[in-house]
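Novice: Compute the structure for the input listed below.
(2 chains, ligands or ions: 4)
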Amino acid sequence: MAVTAAGPIGPVGPRRPGLEAEAVLGKAYDVRLMGRLARYVVPHTRLLVAWGALMLVRTGFEIAQPLFVAYVLQHHIIGNSGRGVIEALPLDALAYIGLVIGQNLSSFFEQWLVQLAGQRTMHDLRIAIFDHVLAQRAAFFDRIPVGRLMTRMTNDIESLNEMFSQGAITIIGDVIKAVAIMVVLLASDIQLALVTFVTLPLLVVIVEYARRAMRTSFRQIRVRLAAMNGFAQEHLFGIRVVQLLGRGATAQREYNEINAGHRDAYLLQIRADAGMYALVEAIGYIAIGAVLWWASQHRLLPMAWMATVPAFAGLIPAAIGLVTRFNELIARFFEPIRDLSAKYAVMQGAMAASERIFQLLDTDELDGAVGDGDATKPDWDQPVPRKPDRSESAGPAVELAGVHFSYGAEPVLRGVDLRVPRGATIAVVGATGSGKSTVIKLLTRLYERDRGAIRIDGIDVRDIPLAALRRRVTVVSQDVILFAGTLEDNLTLGVPYTRDQIEAAVRRVGLDRALARRGAGIEAAVAERGANFSAGERQLVAFARALLRDPEILVLDEATAHVDPEAEELIERGVAELLKGRTTLVIAHRLSTIRNADLIIVLKKGQVIEQGKHDELVARGGDYAALERTFRRQTTSE
Amino acid sequence: MAGARSSLGYLKPYRRAVGAGVAMMVVTNLCALGVVSHLGQAIQAIKDSRAELMPHIVLLLIGFALATAVTRILSRVWIFNAARAAEYDLRSDLFGHLMTLSPGYYRDHPTGDVMSRLTNDVQTVRAMWGAGAVHLANAVTSFATVLTMMVLLDPVVAVLSIVPYPLIFITGQALSRRIYRTTREVQAELGGLSSRIQEDLGAIQVIKTYGLDQVRRRGFLAASQRLLDKNMAAAKVRVQLGPILNTLAPIGVAILILIGGRAVIHKEISVGYYTEFTALLARLVWPTLTLGFMLALVQRGRASWARLVELQAIRTDIPDGAGPALPASAQPAHVAVRDLTIRIGDRAIVDRVSFELEPGSITAIVGRTGSGKSTLVEALCRLIAVPPGAILLDGHDITAIPLASLRGQIGYAPQEAFLFSTTIADNVAMGYGGGTAIPAARARELERAGALAAAVDLSGEPRVNAAAVAAGLEKDLVVMPDGLATIVGERGITLSGGQRQRVALARALAAMPRLLVLDDSLSSVDAETEQLILGHLRAVMHGRTAVLISHRVAAIKDADQILVLDQGQIVERGSHEALLATGGLYSELYRTQLQTELGVTRKEAV
Ligand SMILES: Nc1ncnc2c1ncn2[C@@H]1O[C@H](COP(=O)(O)OP(=O)(O)OP(=O)(O)O)[C@@H](O)[C@H]1O
Ligand SMILES: Nc1ncnc2c1ncn2[C@@H]1O[C@H](COP(=O)(O)OP(=O)(O)OP(=O)(O)O)[C@@H](O)[C@H]1O
Ligand SMILES: [Mg+2]
Ligand SMILES: [Mg+2]
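Specialist: Ligands and ions are numbered 1, 2, ... in the order given. Presented below is the predicted three-dimensional model:
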């Protein structure tokens, strides 16, 4: 397998998680790659069969042309009886044009079919990569730069597509053709054939050298292209900061370092390609020279020699047609070999690209599988009751028991216990970096806990299908991301809500007021990542879209951090009624949000150190009480 | 286009390599002719049973074959290397240009499409340069040699046999236009697909937690299908080219059969001539095909080039200041804003705003969500276009100050923290022009040389350390095994929200700027850390002019002046106490916070 022990996408050093370069792959076998690729081609077999058939037809028309010209010459121009037949000539000219049209018509469909097969394969492959990538767990995306994944899905696919579009896939046909010619050579005249084959070892050496050089080169190219794209992507994304810090020139210099690496990676490929192309061609000529020389010295049997070419074997060669046919012969004999070398580079490039693609498809960090939890598996085909009857269910709405977790070496959660009774509102407070958001990521299985149990309604989250789990738990996360489109798209996220539902949610969070001030409605256009909305407005949108989903468990991770106090109050009032009886988990840094919670949980360095109601905790005089004093002190003028 | 180099302009620095390459190509083709003619001689010799001629002929043949090889290698290496070098220049220019475009451009244009131009289109243009030049040289020499030989043999028949070529020219032109058009459509679609991919990958957390896979997949599927369709539409035109040209070219052979055949029968020309001609005409097939390849390559290249020119033609709406740089000064900055209005579309986001930032003073800007606070401070750094004369820094119009000089005076922590995927120390050091976003390739080289640690480890830097402490990062750093040398994921995704925000804050502080601008920089930190940072900030802001945007009373109440924005206008200004006393928007906004956090009623607060 191409997957190395160090990780599927190159070695993952603990020190450079975001930057680790894609390691150049070890030796992978083209046959295996082709085999894997074949799986995507197979669904389009019918196209390929039709293509193959047309190729034969086209070749037939093509070969028929010189034969026909020779026939006309022999029978109509020179004439069997020594006199030409002028009357036959117009028809001959027409027939010739017919052959030409036949050839080109089939050639058109032949090429079109191979393009269609190629494009469809690439489409399938694109979808396969997309599905595969989206199914990876969050940790995968922490590590792999977006630019690199984009390179796989666009540039590498394009490069693979060249194999089809530049006809390199016919390389197989070429090889067969070359072998067939060899067989015919052997069958016709062993001596002459052997003379021709003297050059074969040399050919093999050259092709093998070129293969290695090109592959090494193309592998480097793929890696550097991805690095370059990753770099560009990151800098375009953070263009504001780049400009703010005046890093434009520095960034260009740094970009050019990779750019130069990319350019230089091609050097070897260019040389290998030129060398192979030229030498194969020259060796071909030399082989013919050698054969002629041999024939002249040993046998002087031009006719027998001519007979070695299958197309002419059946013809009684007329001495006059000799030159004509010989030119044909050279072309026919060397076309496949020369084509082979021209297509070889494209082929090697495509192989290097498919290595990368399959390596990505081999990464197996899939989002949680179902059924590895500790509870018995319930029947998930049954619809989940949205608000299950209290008496029926086995436990609290959300329960964490002794949960341990680390992203890397350092433990982030160290035995977290937490119970959220159904319908209760729970607040989690704690210093920044204490692990609050991490708890939520574990609850929705963005990451998998290391130890302990996480249950919803007494059922281990690992026993709940991901889709069902994420339908039941809706998170308004710290980082709001909007999609390009309209505001409405962003609110509904593809679910057909009624206009009233949307408007109600918009009103509840006070987004309607913000929009009114902006002079826009929900049909307003949203730029990429919501860049044409203010930070607070974006948060309101995120809040509203969560409410629209009417979730069983609502999780708010600093959902109002960027919103003004007035709007915050408005939300609290607007949402209060909606939250009544709904299990809610709130993470907040502001007292106003926290104090009314049914239960407050204080998290410190990955452990729950206190829990209770506001008044209880203040009375206890622990960490929470200190926190509360901080709030008071802050607001009082000294 | 305005200022942009033409496509061939990029090849100009390498014209000698390209010229030499094309010349070599011509020599190659001539040598190939030499090979073929010697083959003919060899066959003749065999026919005439003159074996003694053979060694001589074969030796010459081998000589020509070797010459073909050598010259072909040289020409390909030269031409393709020149194309690579030009590609490097083009990429470098484009990237440099992209770095100058204003943030506004990137808001209105999907990054994925820009990326697609930078990668796919550049590659297509390079193919036009490299393979295009090779095919062109091939086509031209093949035509030239074949036609010369024909004319030498018999001008009349030669002319007759090239009769179809005007027709070929016309159809070639028509098809070219269609190739160009369809290719542009493909490239646009490819850009769209790239945008989708990049958007989805960047939003992966939302997609996962909201279970949007299917919705996004549907969109992707549709985009991919559209690309497939456009690609097929383009392919249809492209694959027509070869067959059509190849149908027209052999018309010459038909004419030859008709007229030449008659001439042979009438004994006007010899059979030898006739066969020679058939052979020569057959040789026109290959150059015609090459011509087709070249046309397709050039048209695709032109289509991509047009997209690049489009990009290069875009001028930033924030031109560099033409005046002199500000003199070095350690004094806090003085800023005057005079009747500043910023419009986006037909809405005034900042509306006739005037205020002054006295040197060494602290100004807080507050206001409702969407009231224009961020836009206003972006204007101070010229991240958004401002009219000349509206903002003065130390009495100089900021539109006249060179951008580097202007931004060098300002330490700005934007509302949305953006970190590079490098060490925390590097990220902080970038505030004062240190640090580097190490490209992966370079990191590898350095690693090999064992110089990586030395090259990137800025964690010992006192300036970085001091800034990290001031931003309250100390506590977090001790938990990280590598401390300041910890590498963060793209955009800082491997840090907690509050940590990310504070690294960005540290970056602004590390600049030790004359003007410090903090946009909601404490929104994601807990009260205790906030308190700690505010304590540090008081010391840091001493001797600097500062602007703070915040929704937290704690952060703003000590400011020398508070500006209250509403719908882009300053509706109130004054100190915390004064504003509370007035009982306007400010006291309205902060009533609840004061109530809950102080446990006081509004009356008491006032
Ligand atoms: N994807 C990640 N990879 C590695 N470490 C991470 C990742 N996400 C968070 N961490 C680390 O885990 C710790 C807890 O992070 P978490 O996001 O849970 O904090 P938090 O309590 O939500 O803080 P904040 O209030 O700042 O949002 C932090 O030290 C952070 O650096
Ligand atoms: N490119 C744009 N096109 C249209 N409107 C925009 C654009 N950028 C910003 N706006 C609008 O301008 C207004 C001011 O935005 P700004 O980001 O300055 O608000 P803000 O005061 O910083 O708000 P917040 O407190 O939420 O951060 C908002 O209503 C926003 O929607
Ligand atoms: Mg968090
Ligand atoms: Mg803002």
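Novice: and residue B:542, how many residues sit next to it?
Specialist: Using other Cβ atoms under 10 Å in any protein chain shown, the number of residues around residue B:542 comes to 11. From N, CA and C alone the C-beta is placed, and that goes for glycine too.
Novice: Now do it against ligand 2, distance only.
Specialist: According to Cβ to the nearest ligand atom, to the nearest Å, residue B:542 and ligand 2 sit 27 Å apart.
Novice: what's the nearest residue to the residue of the stretch 101-250 of chain A found nearest ligand 1 if we skip its chain neighbours?
Specialist: Nearest to ligand 1, among the residues of the stretch 101-250 of chain A, is residue A:142, at 4.5 Å (Cβ to the nearest ligand atom). Closest residue in space to residue A:142, ignoring its immediate chain neighbours: residue B:489 at 4.7 Å, by Cβ to Cβ, 6 or more residues apart in numbering or on different chains.
Novice: if I look at that neighbour, how far off is residue B:206?
Specialist: Using Cβ to Cβ, to the nearest Å, residue B:489 is found at 17 Å from residue B:206.
Novice: same check, this time on residue A:617
Specialist: 33 Å.
Novice: With residue B:119 instead?
Specialist: 26 Å.
Novice: quick one, what contacts the residue positioned nearest the centre of chain A?
Specialist: When Cα atoms, centre = their mean is applied to chain A, the residue found nearest the centroid is residue A:153 (3.6 Å). Contacts for residue A:153 (Cβ atoms under 8 Å, 6 or more residues apart in numbering or on different chains) come out as A:126, A:129-130, A:133, B:197.
Novice: repeat that for 10 Å
Specialist: Each residue near residue A:153 by Cβ atoms under 10 Å, 6 or more residues apart in numbering or on different chains is listed here: A:125-126, A:129-130, A:133, A:357, A:360, B:193-194, B:196-198, B:201, B:220, B:224.
Novice: Over to residue B:512?
Specialist: B:330, B:411, B:431-432, B:463, B:466-467, B:540, B:543-544.
Novice: ok, 6 Å please
Specialist: Residue B:512 sits next to no residue when contact means Cβ atoms under 6 Å, 6 or more residues apart in numbering or on different chains.
Novice: what's the domain layout of the chain?
Specialist: Assuming you mean chain A. A:29-362, A:397-637 (automatic domain parsing).
Novice: switch to chain B, that's the one I care about
Specialist: If you go by automatic domain parsing, chain B breaks into B:2-313, B:333-409+B:513-606, B:416-512.
Novice: returning to what we had before: tell me which of the contacts of residue A:153 fall in helices.
Specialist: A:125-126, A:129-130, A:133, A:357, A:360, B:193-194, B:196-198, B:201, B:220, B:224 (DSSP state H).
Novice: is it true that the residue nearest to the centre of chain A lies in a helix?
Specialist: Yes: counting by DSSP: H, G, I helix; E, B strand; the rest coil, residue A:153 is found in a helix.
Novice: Report the mean confidence score over the helix or strand encompassing residue A:255.
Specialist: Here residue A:255 sits within helix A:248-294, counting by DSSP states H and E. On average, the pLDDT along helix A:248-294 is 83.
Novice: is any part of it close to chain B?
Specialist: Yes: using Cβ under 6 Å from any Cβ of the partner chain, helix A:248-294 reaches chain B at A:248, A:251-252, A:254-259, A:261, A:263, A:266, A:270, A:274-275, A:278-279, A:282, A:285-286, A:289, A:292-293.
Novice: Need the buried ones from these selected in ChimeraX.
Specialist: Here is the ChimeraX command that selects the buried residues among these (16 or more other Cβ atoms under 10 Å in any protein chain shown):
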select /A:248,251,252,254,255,256,257,258,259,261,263,266,270,274,275,278,279,282,285,286,289,292,293
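Novice: just checking: which of the residues of helix A:248-294 next to chain B also lie near ligand 3?
Specialist: Applying Cβ under 5 Å from the ion to the residues of helix A:248-294 next to chain B, one finds that nothing falls near ligand 3.
Novice: neighbours of residue A:622, just the number please.
Specialist: 14.
Novice: Dihedrals phi and psi, it?
Specialist: For residue A:622, the backbone dihedrals (degrees, to the nearest 10) come out as phi -90, psi -150.
Novice: got a list of what it touches?
Specialist: residue A:610.
Novice: which residue packs closest to residue A:158, ignoring adjacent ones?
Specialist: Going by Cβ to Cβ, 6+ apart, residue A:158 has residue B:120 as its nearest residue, at 6.7 Å.
Novice: Can you spell out which helices and strands pack onto the helix or strand where residue B:146 lies?
Specialist: Following DSSP H and E, one finds residue B:146 within helix B:122-153. Counting by 3 or more Cβ pairs under 6 Å, 6 or more residues apart in numbering or on different chains; DSSP states H and E, the packing neighbours recorded for helix B:122-153 are helix B:15-47, helix B:54-100, helix B:271-282, helix B:285-313.
Novice: mean pLDDT lowest for which of the ones you listed?
Specialist: Among the helices and strands packed on helix B:122-153, helix B:271-282 scores lowest, at a mean of 72.
Novice: List only those of the ones in helices among the contacts of residue A:153 flagged as buried.
Specialist: A:125-126, A:129-130, A:133, A:357, A:360, B:193-194, B:196-198, B:201, B:220, B:224.
Novice: quick check, nearest of those residues to ligand 2?
Specialist: residue B:198 (19.6 Å).
Novice: Run through the residues that contact the closest one.
Specialist: If you count contacts by Cβ under 6 Å, 6+ apart, then residue B:198 has A:150, B:112 around it.
Novice: Retrieve the pLDDT associated with it.
Specialist: At residue B:198, the pLDDT value in this model is 85.
Novice: distance between the helix or strand where residue A:150 lies and the chain's centre?
Specialist: Using DSSP H and E, residue A:150 maps to helix A:146-151. Distance of helix A:146-151 from its chain centroid, counting by Cα atoms, centre = their mean, to the nearest Å, is 8 Å.
Novice: With stretch A:228-241 instead?
Specialist: That offset, for stretch A:228-241, works out to 19 Å (Cα atoms, centre = their mean).
Novice: what comes up buried for the helix holding residue B:146?
Specialist: Under the neighbour-count rule (16+ other Cβ under 10 Å), helix B:122-153 has B:122-143, B:145-147, B:149-150 buried.
Novice: For the closest residue to ligand 3 within the stretch 151-300 of chain B, give me the pLDDT.
Specialist: Proximity of the stretch 151-300 of chain B to ligand 3 (Cβ to the ion) peaks at residue B:205, 12.1 Å away. Listed pLDDT for residue B:205 reads 81.
Novice: again with residue A:379
Specialist: Residue A:379 is assigned a predicted lDDT (pLDDT) of 42.
Novice: what's the helix or strand for the closest residue to ligand 2 within chain A?
Specialist: Relative to ligand 2, the nearest point of chain A is residue A:536 (2.5 Å; Cβ to the nearest ligand atom). Residue A:536 belongs to helix A:535-548 when assigned by DSSP H and E.
Novice: same for that helix, what does it pack against?
Specialist: strand A:473-476, helix A:487-492, helix A:499-508, helix A:511-518.
Novice: Is there contact, residue-wise, from the first one to chain B?
Specialist: Yes: taking Cβ under 6 Å from any Cβ as the criterion, strand A:473-476 and chain B are in contact, through residue A:475.
Novice: Is any residue of that strand near ligand 3?
Specialist: No: judged by Cβ under 5 Å from the ion, strand A:473-476 and ligand 3 are separated, with a smallest distance of 11.3 Å.
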